[in-house]
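J.: My questions are about this predicted structure, shown below with the sequence.
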Amino acid sequence: MLSMSVLSIGEVLVDRAVLKARFCCNLELCHGACCVEGELGAPIDAAEAKYLESTVEPLRPLLPERNLRYIRRHGCTEVYQGNLYTKTIDGQECVFVYHENGKALCAVETAYKQGLLGATKPLSCRLFPIRVRKKFGLDYLVYEQHAMCRDARRQGVEQNVMLIDYVKAPLVEKYGEDWYMSLKEFAASI
């Protein structure tokens, strides 16, 4: 039985907090904290893990030598409790992070934008702060509220940017345009 805080939209469960949240990230304020804080890296699937393993050579000009050495020794992905993640250095910084002007940036995303890679960073990175979990065998979208995103929440409220609009492109990529429009309809009704 679903609780009142969980909605079913097609074959996807969505926590109501996802629909109510306002969010608008500003890299100038957070400096890319989501890429350097936390014990685990980004959740990924098997196809993303394979892709990321193949990207190391094209990323060589962007990544710091420390990260390249770490990847050579330990790889760039790991399994934790049966789930795949990007590796982190010392349980903090993602192995794909480089720093520029005081900000943590994603080498995979930068290389993609420069046309050096065929795909961008993992879907979970693009969906953040929404996380896809499993419940009753279905995808279950939850909103993770972290202290590092305080400014993004404030800006989202000030600019009235719904979280689901902020992450529209990856939601559409994962579930399709029709599903996203149903999500919007649900959000408008609560």
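T.: Now that the structure is in, tell me what you want to look at. What you are looking at is a predicted structure, and each value in this text was computed from that prediction instead of being measured.
J.: going forward, measure contacts and count neighbours with C-alpha atoms only.
T.: OK.
J.: Counting residues, what is the longest helix that the chain contains?
T.: helix 177-189 (DSSP state H).
J.: Give me the helices and strands touching it, please.
T.: strand 6-9, helix 16-20, helix 168-175 (3 or more Cα pairs under 8 Å, 6 or more residues apart in numbering; DSSP states H and E).
J.: So for that helix, what gets flagged as buried?
T.: Using 16 or more other Cα atoms under 10 Å as the burial criterion, the residues of helix 177-189 that qualify are 179, 180, 183, 187.
J.: Could you export the residues you listed as CSV, including pLDDT?
T.: Formatted as CSV, the buried residues of helix 177-189 follow (pLDDT from 0 to 100):
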residue, pLDDT
179, 97
180, 97
183, 96
187, 92
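J.: Can you give me the pLDDT of the spatially most central residue of the chain?
T.: Computing the C-alpha centroid of the chain and ranking residues by Cα atoms, centre = their mean puts residue 125 first, at 1.8 Å. Residue 125 is assigned a pLDDT of 96 by the prediction.
J.: follow-up on the earlier one: looking at the helices and strands packed on helix 177-189, which is closest to residue 156?
T.: Nearest of the helices and strands packed on helix 177-189 to residue 156, taken as Cα to Cα: helix 16-20 at 11.1 Å.
J.: Report all helices and strands that that closest one contacts.
T.: Short answer (3+ Cα pairs under 8 Å, 6+ apart): helix 16-20 packs on strand 138-143, helix 163-166, helix 177-189.
J.: List of residues touching that helix?
T.: 5-7, 130, 141-143, 162-164, 183, 186-187, 190 (Cα atoms under 8 Å, 6 or more residues apart in numbering).
J.: who touches whichever helix or strand comes after it?
T.: On the C-terminal side of helix 16-20, the nearest following helix or strand under DSSP states H and E is helix 27-30. With contact meaning Cα under 8 Å, 6+ apart, helix 27-30 is reached by 103, 148, 149, 151.
J.: Give me the neighbour count for residue 147.
T.: A count of nearby residues for residue 147, using other Cα atoms under 10 Å, gives 10.
J.: gap between it and residue 10?
T.: 32 Å (Cα to Cα, to the nearest Å).
J.: could I get the helices and strands packed on helix 16-20 as JSON lines with distance to residue 66?
T.: Formatted as JSON lines, these follow (distance: least, Cα to Cα, whole Å):
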{"stretch": "strand 138-143", "distance to residue 66": "33"}
{"stretch": "helix 163-166", "distance to residue 66": "33"}
{"stretch": "helix 177-189", "distance to residue 66": "41"}
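J.: Now do the contacts for residue 103.
T.: 27, 28, 31, 32.
J.: Poorly predicted segments of this protein, please.
T.: Under the criterion pLDDT under 70, the flagged ranges of the chain are 1-4.
J.: residues contacting residue 117?
T.: Counting by Cα under 8 Å, 6+ apart, residue 117 has contacts 55, 58, 108, 111.
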